[in-house]
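J.: structure here, sequence nowhere to be found:
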(Lines give C-alpha, C1' and ligand atoms only; values in the text may rest on other atoms or scores of the structure.)
Protein backbone atom coordinates (compact mmCIF):
# COMPACT_ATOMS: atom_id res chain seq x y z
CA UNK A 1 0.00 0.00 0.00
CA UNK A 2 1.45 3.38 -1.00
CA UNK A 3 1.76 6.05 1.66
CA UNK A 4 -0.38 9.17 1.69
CA UNK A 5 1.37 12.49 2.20
CA UNK A 6 0.14 14.96 4.82
CA UNK A 7 1.56 18.45 5.29
CA UNK A 8 1.25 20.23 8.63
CA UNK A 9 1.65 23.98 9.08
CA UNK A 10 1.39 26.49 11.89
CA UNK A 11 3.80 28.57 13.91
CA UNK A 12 4.82 31.78 15.60
CA UNK A 13 4.43 30.34 19.10
CA UNK A 14 4.55 26.89 20.68
CA UNK A 15 0.74 26.97 20.96
CA UNK A 16 0.51 26.81 17.16
CA UNK A 17 2.83 23.78 17.04
CA UNK A 18 2.24 21.44 20.00
CA UNK A 19 -1.22 20.23 18.80
CA UNK A 20 0.36 19.41 15.43
CA UNK A 21 3.04 17.43 17.29
CA UNK A 22 0.31 15.57 19.22
CA UNK A 23 -1.20 14.42 15.89
CA UNK A 24 2.15 13.71 14.20
CA UNK A 25 3.20 11.44 17.07
CA UNK A 26 0.09 9.27 16.61
CA UNK A 27 0.06 8.96 12.82
CA UNK A 28 1.45 5.67 11.51
CA UNK A 29 4.72 6.25 9.65
CA UNK A 30 3.87 3.15 7.58
CA UNK A 31 0.72 4.82 6.26
CA UNK A 32 1.69 8.48 6.17
CA UNK A 33 4.56 10.49 4.73
CA UNK A 34 4.56 13.47 7.12
CA UNK A 35 5.99 16.87 6.16
CA UNK A 36 5.94 20.33 7.80
CA UNK A 37 5.93 23.83 6.31
CA UNK A 38 6.81 26.70 8.63
CA UNK A 39 8.76 29.93 8.75
CA UNK A 40 12.50 29.94 8.26
CA UNK A 41 13.37 31.05 11.79
CA UNK A 42 10.25 30.52 13.97
CA UNK A 43 9.94 28.34 17.07
CA UNK A 44 8.13 25.75 14.94
CA UNK A 45 11.41 24.94 13.18
CA UNK A 46 13.13 24.26 16.49
CA UNK A 47 10.27 22.07 17.76
CA UNK A 48 9.73 20.09 14.55
CA UNK A 49 13.46 19.48 14.11
CA UNK A 50 13.27 17.37 17.28
CA UNK A 51 11.03 14.97 15.33
CA UNK A 52 11.97 12.86 12.34
CA UNK A 53 9.88 15.04 10.01
CA UNK A 54 11.18 16.88 6.91
CA UNK A 55 10.80 20.65 7.37
CA UNK A 56 10.37 23.31 4.67
CA UNK A 57 10.98 26.95 5.58
CA UNK A 58 9.10 29.59 3.60
CA UNK A 59 8.96 33.38 3.53
CA UNK A 60 6.34 34.75 5.94
CA UNK A 61 5.18 38.14 7.14
CA UNK A 62 3.34 39.22 10.25
CA UNK A 63 -0.39 39.86 9.94
CA UNK A 64 -1.39 43.06 11.72
CA UNK A 65 -4.81 44.52 12.52
CA UNK A 66 -3.46 48.07 12.52
CA UNK A 67 -1.97 50.43 9.92
CA UNK A 68 1.80 50.17 9.73
CA UNK A 69 4.36 50.64 6.94
CA UNK A 70 5.67 47.14 7.74
CA UNK A 71 2.34 45.82 6.41
CA UNK A 72 3.47 46.75 2.89
CA UNK A 73 6.79 44.94 3.33
CA UNK A 74 5.10 41.92 4.92
CA UNK A 75 2.51 41.75 2.14
CA UNK A 76 5.36 40.99 -0.27
CA UNK A 77 6.75 38.44 2.20
CA UNK A 78 3.36 36.71 2.35
CA UNK A 79 3.10 36.72 -1.46
CA UNK A 80 6.56 35.21 -1.72
CA UNK A 81 5.49 32.68 0.94
CA UNK A 82 2.56 31.69 -1.29
CA UNK A 83 4.94 30.98 -4.17
CA UNK A 84 7.38 29.17 -1.83
CA UNK A 85 4.57 27.02 -0.41
CA UNK A 86 3.05 26.29 -3.82
CA UNK A 87 6.40 25.06 -5.10
CA UNK A 88 6.75 22.70 -2.10
CA UNK A 89 3.14 21.45 -2.30
CA UNK A 90 3.32 20.89 -6.06
CA UNK A 91 6.34 18.66 -5.48
CA UNK A 92 4.89 16.77 -2.46
CA UNK A 93 1.32 16.35 -3.82
CA UNK A 94 -0.20 15.85 -0.34
CA UNK A 95 -3.62 14.32 0.29
CA UNK A 96 -4.24 16.89 3.03
CA UNK A 97 -2.90 20.10 4.57
CA UNK A 98 -3.54 20.46 8.32
CA UNK A 99 -3.14 23.94 9.82
CA UNK A 100 -2.96 25.13 13.42
CA UNK A 101 -2.87 28.79 12.49
CA UNK A 102 -0.32 31.53 13.05
CA UNK A 103 0.69 33.90 10.29
CA UNK A 104 2.95 31.37 8.52
CA UNK A 105 -0.07 29.16 7.78
CA UNK A 106 -1.82 31.69 5.50
CA UNK A 107 0.46 31.39 2.45
CA UNK A 108 0.42 27.58 2.83
CA UNK A 109 -3.37 27.48 2.84
CA UNK A 110 -3.72 29.89 -0.08
CA UNK A 111 -1.21 27.82 -2.06
CA UNK A 112 -3.01 24.57 -1.16
CA UNK A 113 -6.35 26.00 -2.31
CA UNK A 114 -4.91 26.92 -5.73
CA UNK A 115 -3.81 23.28 -6.08
CA UNK A 116 -7.23 21.94 -4.96
CA UNK A 117 -5.67 20.18 -1.93
CA UNK A 118 -8.12 19.49 0.96
CA UNK A 119 -7.44 21.73 3.98
CA UNK A 120 -8.29 21.14 7.67
CA UNK A 121 -7.82 23.97 10.18
CA UNK A 122 -8.08 23.92 13.96
CA UNK A 123 -8.84 27.06 15.98
CA UNK A 124 -7.78 26.91 19.62
CA UNK A 125 -9.24 30.12 20.99
CA UNK A 126 -12.74 31.39 21.76
CA UNK A 127 -12.51 33.77 18.80
CA UNK A 128 -10.49 33.16 15.64
CA UNK A 129 -7.11 34.73 15.07
CA UNK A 130 -6.53 36.78 11.94
CA UNK A 131 -4.79 33.86 10.19
CA UNK A 132 -7.78 31.56 10.63
CA UNK A 133 -10.22 34.36 9.74
CA UNK A 134 -8.48 34.56 6.37
CA UNK A 135 -8.01 30.79 6.06
CA UNK A 136 -11.59 29.72 6.84
CA UNK A 137 -12.86 30.49 3.33
CA UNK A 138 -10.35 28.01 1.86
CA UNK A 139 -10.85 25.27 4.48
CA UNK A 140 -12.56 21.97 3.73
CA UNK A 141 -13.23 21.32 7.43
CA UNK A 142 -12.81 23.50 10.52
CA UNK A 143 -12.39 22.26 14.11
CA UNK A 144 -12.55 24.36 17.29
CA UNK A 145 -11.47 23.85 20.90
CA UNK A 146 -14.32 25.94 22.36
CA UNK A 147 -17.99 25.38 21.57
CA UNK A 148 -18.41 29.18 21.51
CA UNK A 149 -15.90 29.52 18.65
CA UNK A 150 -18.24 27.74 16.22
CA UNK A 151 -20.26 30.98 15.93
CA UNK A 152 -17.39 32.63 14.01
CA UNK A 153 -17.14 30.00 11.27
CA UNK A 154 -19.46 28.53 8.61
CA UNK A 155 -21.69 26.04 10.46
CA UNK A 156 -21.73 23.54 7.62
CA UNK A 157 -18.04 22.73 7.93
CA UNK A 158 -17.29 23.46 11.60
CA UNK A 159 -17.15 21.03 14.55
CA UNK A 160 -16.21 21.72 18.19
CA UNK A 161 -13.94 18.94 19.51
CA UNK A 162 -11.66 20.41 22.19
CA UNK A 163 -7.90 20.54 21.84
CA UNK A 164 -5.65 17.64 20.76
CA UNK A 165 -3.54 16.68 23.78
CA UNK A 166 -0.08 15.17 23.49
CA UNK A 167 -0.50 11.60 24.78
CA UNK A 168 2.90 11.60 26.46
CA UNK A 169 1.67 14.34 28.82
CA UNK A 170 -0.97 11.96 30.18
CA UNK A 171 1.64 9.39 31.23
CA UNK A 172 3.89 11.43 33.51
CA UNK A 173 5.36 10.01 36.71
CA UNK A 174 4.97 12.02 39.92
CA UNK A 175 7.94 10.22 41.48
CA UNK A 176 10.19 10.90 38.48
CA UNK A 177 9.17 14.57 38.54
CA UNK A 178 9.98 14.95 42.24
CA UNK A 179 13.30 13.13 41.80
CA UNK A 180 14.24 15.27 38.78
CA UNK A 181 13.57 18.44 40.78
CA UNK A 182 15.12 17.05 43.97
CA UNK A 183 12.01 18.25 45.82
CA UNK A 184 10.25 16.81 48.89
CA UNK A 185 7.18 14.63 48.32
CA UNK A 186 5.24 16.07 51.29
CA UNK A 187 5.21 19.73 50.17
CA UNK A 188 2.85 20.86 47.36
CA UNK A 189 4.45 21.81 44.05
CA UNK A 190 3.33 24.77 41.93
CA UNK A 191 4.42 24.91 38.29
CA UNK A 192 4.62 28.39 36.76
CA UNK A 193 4.44 28.50 32.95
CA UNK A 194 4.45 31.79 31.07
CA UNK A 195 4.40 30.22 27.59
CA UNK A 196 7.29 29.44 25.25
CA UNK A 197 8.43 33.08 25.23
CA UNK A 198 8.06 33.61 28.98
CA UNK A 199 6.04 36.33 30.74
CA UNK A 200 7.96 39.25 32.21
CA UNK A 201 5.51 40.44 34.88
CA UNK A 202 4.60 36.90 36.00
CA UNK A 203 8.29 36.02 36.24
CA UNK A 204 9.07 39.14 38.26
CA UNK A 205 6.11 38.79 40.64
CA UNK A 206 6.76 35.09 41.31
CA UNK A 207 10.42 35.85 42.07
CA UNK A 208 9.49 38.79 44.31
CA UNK A 209 7.13 36.43 46.19
CA UNK A 210 9.57 33.54 46.66
CA UNK A 211 10.42 34.28 50.29
CA UNK A 212 6.76 33.88 51.26
CA UNK A 213 5.74 31.19 48.76
CA UNK A 214 8.58 28.80 49.57
CA UNK A 215 7.42 28.60 53.20
CA UNK A 216 4.51 26.38 52.10
CA UNK A 217 5.19 25.41 48.48
CA UNK A 218 7.88 24.24 46.11
CA UNK A 219 8.04 26.22 42.87
CA UNK A 220 8.91 24.98 39.37
CA UNK A 221 9.40 28.05 37.19
CA UNK A 222 9.43 27.62 33.39
CA UNK A 223 10.46 31.19 32.69
CA UNK A 224 11.11 31.28 28.92
CA UNK A 225 14.18 31.58 26.75
CA UNK A 226 16.90 33.82 28.19
CA UNK A 227 14.93 34.47 31.40
CA UNK A 228 16.77 32.34 33.96
CA UNK A 229 17.93 34.48 36.91
CA UNK A 230 21.38 33.19 37.87
CA UNK A 231 21.19 34.92 41.28
CA UNK A 232 18.31 32.58 42.28
CA UNK A 233 19.92 29.27 41.25
CA UNK A 234 20.52 28.10 44.83
CA UNK A 235 17.19 29.14 46.40
CA UNK A 236 15.74 26.21 48.35
CA UNK A 237 12.38 24.86 47.07
CA UNK A 238 12.71 26.82 43.78
CA UNK A 239 13.83 25.45 40.41
CA UNK A 240 13.87 27.46 37.19
CA UNK A 241 14.20 26.34 33.57
CA UNK A 242 13.97 28.20 30.27
CA UNK A 243 11.86 25.42 28.79
CA UNK A 244 11.51 21.67 29.35
CA UNK A 245 10.78 18.99 26.77
CA UNK A 246 11.01 15.34 27.78
CA UNK A 247 10.58 16.04 31.51
CA UNK A 248 7.41 18.13 31.21
CA UNK A 249 4.98 15.22 31.70
CA UNK A 250 6.73 14.21 34.94
CA UNK A 251 6.88 17.80 36.24
CA UNK A 252 3.16 18.26 35.62
CA UNK A 253 2.37 14.90 37.24
CA UNK A 254 4.24 16.09 40.34
CA UNK A 255 2.42 19.46 40.45
CA UNK A 256 -0.63 20.23 42.56
CA UNK A 257 -1.37 23.57 40.89
CA UNK A 258 -0.43 25.47 37.75
CA UNK A 259 0.08 29.21 37.19
CA UNK A 260 -0.27 29.84 33.47
CA UNK A 261 -1.06 32.26 30.68
CA UNK A 262 -4.44 31.77 28.96
CA UNK A 263 -3.19 30.05 25.83
CA UNK A 264 -5.84 27.56 24.80
CA UNK A 265 -3.64 24.53 24.11
CA UNK A 266 -1.90 24.80 27.48
CA UNK A 267 -5.07 25.21 29.54
CA UNK A 268 -6.78 22.31 27.72
CA UNK A 269 -3.74 20.16 28.56
CA UNK A 270 -4.06 21.10 32.24
CA UNK A 271 -7.79 20.40 32.03
CA UNK A 272 -7.05 16.88 30.74
CA UNK A 273 -4.57 16.39 33.60
CA UNK A 274 -7.13 17.66 36.17
CA UNK A 275 -4.74 20.35 37.43
CA UNK A 276 -6.31 23.40 39.16
CA UNK A 277 -5.08 26.58 37.45
CA UNK A 278 -4.49 30.22 38.17
CA UNK A 279 -4.75 31.82 34.73
CA UNK A 280 -3.07 35.21 34.22
CA UNK A 281 -3.93 36.06 30.59
CA UNK A 282 -2.10 38.40 28.27
CA UNK A 283 -3.58 41.90 28.43
CA UNK A 284 -5.40 43.52 25.52
CA UNK A 285 -2.34 45.74 25.04
CA UNK A 286 -0.26 42.61 24.36
CA UNK A 287 -2.81 40.61 22.35
CA UNK A 288 -6.22 40.65 20.69
CA UNK A 289 -7.81 39.62 24.02
CA UNK A 290 -8.23 35.92 23.18
CA UNK A 291 -6.50 34.74 26.35
CA UNK A 292 -8.85 36.84 28.50
CA UNK A 293 -11.86 35.17 26.86
CA UNK A 294 -10.28 31.71 27.29
CA UNK A 295 -9.61 32.40 30.96
CA UNK A 296 -13.12 33.73 31.60
CA UNK A 297 -14.62 30.60 30.03
CA UNK A 298 -12.53 28.30 32.24
CA UNK A 299 -13.31 30.40 35.32
CA UNK A 300 -17.08 30.26 34.63
CA UNK A 301 -16.90 26.48 34.23
CA UNK A 302 -15.11 26.15 37.58
CA UNK A 303 -11.82 24.87 36.15
CA UNK A 304 -9.62 27.80 37.19
CA UNK A 305 -9.17 31.11 38.93
CA UNK A 306 -8.40 34.15 36.81
CA UNK A 307 -6.19 37.10 37.73
CA UNK A 308 -5.83 40.02 35.31
CA UNK A 309 -2.20 41.03 34.78
CA UNK A 310 -3.07 44.64 35.66
CA UNK A 311 -4.13 43.34 39.09
CA UNK A 312 -1.09 41.10 39.58
CA UNK A 313 0.90 42.00 42.70
CA UNK A 314 2.77 40.01 45.34
CA UNK A 315 -0.35 40.22 47.52
CA UNK A 316 -2.93 39.21 44.87
CA UNK A 317 -0.69 36.36 43.68
CA UNK A 318 -0.42 34.94 47.18
CA UNK A 319 -4.16 35.39 47.82
CA UNK A 320 -5.05 33.62 44.57
CA UNK A 321 -2.71 30.70 45.33
CA UNK A 322 -4.22 30.38 48.79
CA UNK A 323 -7.77 30.38 47.34
CA UNK A 324 -6.75 27.75 44.78
CA UNK A 325 -5.30 25.59 47.55
CA UNK A 326 -8.36 26.01 49.79
CA UNK A 327 -10.79 25.06 47.00
CA UNK A 328 -8.54 22.49 45.34
CA UNK A 329 -10.94 19.56 45.79
CA UNK A 330 -13.82 21.54 44.23
CA UNK A 331 -11.68 22.48 41.22
CA UNK A 332 -10.48 18.90 40.74
CA UNK A 333 -14.04 17.59 40.84
CA UNK A 334 -15.09 20.14 38.19
CA UNK A 335 -12.08 19.25 36.02
CA UNK A 336 -12.83 15.52 36.28
CA UNK A 337 -16.47 15.98 35.25
CA UNK A 338 -15.73 18.29 32.29
CA UNK A 339 -16.82 15.66 29.69
CA UNK A 340 -14.28 16.81 27.10
CA UNK A 341 -14.27 14.78 23.90
CA UNK A 342 -11.01 13.16 22.82
CA UNK A 343 -10.02 15.73 20.21
CA UNK A 344 -6.89 13.83 19.20
CA UNK A 345 -8.85 10.66 18.34
CA UNK A 346 -11.48 12.69 16.44
CA UNK A 347 -8.81 14.40 14.33
CA UNK A 348 -6.93 11.16 13.63
CA UNK A 349 -10.17 9.59 12.41
CA UNK A 350 -10.97 12.59 10.19
CA UNK A 351 -7.44 12.58 8.74
CA UNK A 352 -7.67 8.86 7.95
CA UNK A 353 -10.93 9.47 6.07
CA UNK A 354 -9.42 12.28 3.99
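T.: Yep, it's here. Quantities reported herein were computed from a predicted structural model and do not represent experimental measurements.
J.: switch to C-alpha atoms for all contacts and neighbour counts from now on
T.: OK.
J.: name every strand pairing with the longest strand along the chain and say which way it goes.
T.: Among all segments of the chain classified by DSSP state E, the strand with the greatest residue count is strand 32-39. Note on strand 32-39: by DSSP bridges, its sheet partners are strand 4-9 (parallel), strand 55-58 (parallel).
J.: can you name the element that comes right after that strand?
T.: As assigned by DSSP states H and E, the chain's next helix or strand after strand 32-39 is helix 43-48.
J.: I'd like to know which elements that following helix is packed against.
T.: Judged by 3 or more Cα pairs under 8 Å, 6 or more residues apart in numbering; DSSP states H and E, helix 43-48 is in contact with strand 32-39, strand 55-58.
J.: returning to that earlier point: can you say which of the strands paired with strand 32-39 is packed in most?
T.: Among those, ranked by average contacts under mean count of other Cα atoms under 10 Å, first place goes to strand 4-9 (a mean of 22).
J.: let me know whether residue 247 touches residue 179 as I believe.
T.: No: between residue 247 and residue 179 no contact is recorded; they are 11.0 Å apart, counting by Cα atoms under 8 Å.
J.: pLDDT weak spots in this protein?
T.: 1, 61-75, 195-198, 287 (pLDDT under 70).
J.: which residues in it form helices?
T.: Applying DSSP state H to the chain gives helices spanning 18-24, 43-48, 70-92, 105-114, 130-135, 174-181, 200-208, 210-213, 248-254, 264-272, 290-300, 314-326, 328-336, 343-353.
J.: just those helices: most buried one?
T.: Comparing those on average neighbours per residue, with mean count of other Cα under 10 Å, the densest one is helix 105-114 at a mean of 25.
J.: starting at the chain centroid, how far to it?
T.: The chain centre lies 22 Å from the centre of helix 105-114; the measure is Cα atoms, centre = their mean, to the nearest Å.
J.: relative to strand 4-9, how tilted is that helix?
T.: 150 degrees (axes from the mean of the first three to the mean of the last three Cα atoms, to 10 degrees).
J.: what's the angle between helix 105-114 and helix 70-92?
T.: 50 degrees.
J.: isn't residue 157 right next to residue 144, touching?
T.: No: using Cα under 8 Å as the test, residue 157 is too far from residue 144 to be in contact (11.0 Å).
J.: the two: which is more packed in?
T.: Between residue 157 and residue 144, counted using other Cα atoms under 10 Å, the more crowded position is residue 144 (24 against 14).
J.: what bridges to the more buried one?
T.: Counting by DSSP bridges, the residues bridging with residue 144 are residue 123, residue 160.
J.: who's in contact with it?
T.: Counting by Cα atoms under 8 Å, 6 or more residues apart in numbering, residue 144 touches 122-125, 150, 158-163.
J.: also residue 192?
T.: By Cα under 8 Å, 6+ apart, the contact set of residue 192 is 219-223, 258-260.
J.: sorry, back to before: which stretch among the strands paired with strand 32-39 comes nearest residue 80?
T.: Minimum separation from residue 80 across these (Cα to Cα) falls at strand 55-58, 8.1 Å.
J.: got the contact list for residue 5?
T.: Residue 5 neighbours (Cα under 8 Å, 6+ apart): 32-35, 92-96.
J.: swap in residue 281?
T.: Taking Cα under 8 Å, 6+ apart as the test, what residue 281 contacts is 260-263, 291-292, 295, 306-309.
J.: again, only this time at 10 Å
T.: Going by Cα atoms under 10 Å, 6 or more residues apart in numbering, residue 281 touches 194, 199, 260-263, 287, 289-296, 306-309.
J.: one more: residue 219?
T.: Applying Cα under 10 Å, 6+ apart, we find residue 219 in contact with 181, 183, 188-192, 206-207, 210, 213, 236-240, 255, 257-258.
J.: can you do 8 Å?
T.: Counted by Cα under 8 Å, 6+ apart, residue 219 has contacts 189-192, 237-239.
J.: hang on, the earlier thing: Serialize the strands paired with strand 32-39 to a markdown table and add fields for distance to residue 350.
T.: A markdown table is the format used below for the strands paired with strand 32-39 (distance: least, Cα to Cα, whole Å):
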| stretch | distance to residue 350 |
| --- | --- |
| strand 4-9 | 13 |
| strand 55-58 | 23 |
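J.: nearest to residue 228, out of these?
T.: Closest of the strands paired with strand 32-39 to residue 228 is strand 55-58, at 29.5 Å (criterion: Cα to Cα).
J.: the closest one: how far from the chain's middle?
T.: Once both centres are worked out by Cα atoms, centre = their mean, strand 55-58 turns out to sit 21 Å from its chain's centre.
J.: and if you look at stretch 20-30?
T.: Offset of stretch 20-30 from its chain centre (Cα atoms, centre = their mean): 17 Å.
J.: residues in contact with that stretch: which ones?
T.: With contact meaning Cα under 8 Å, 6+ apart, stretch 20-30 is reached by 3, 8-10, 34, 48, 100, 164-167, 344, 347-348.
J.: go again with 10 Å.
T.: Residues outside stretch 20-30 that contact it (Cα under 10 Å, 6+ apart): 1-4, 6, 8-11, 18-19, 32-36, 47-48, 51, 53, 98-100, 122, 163-169, 343-345, 347-348, 351-352.
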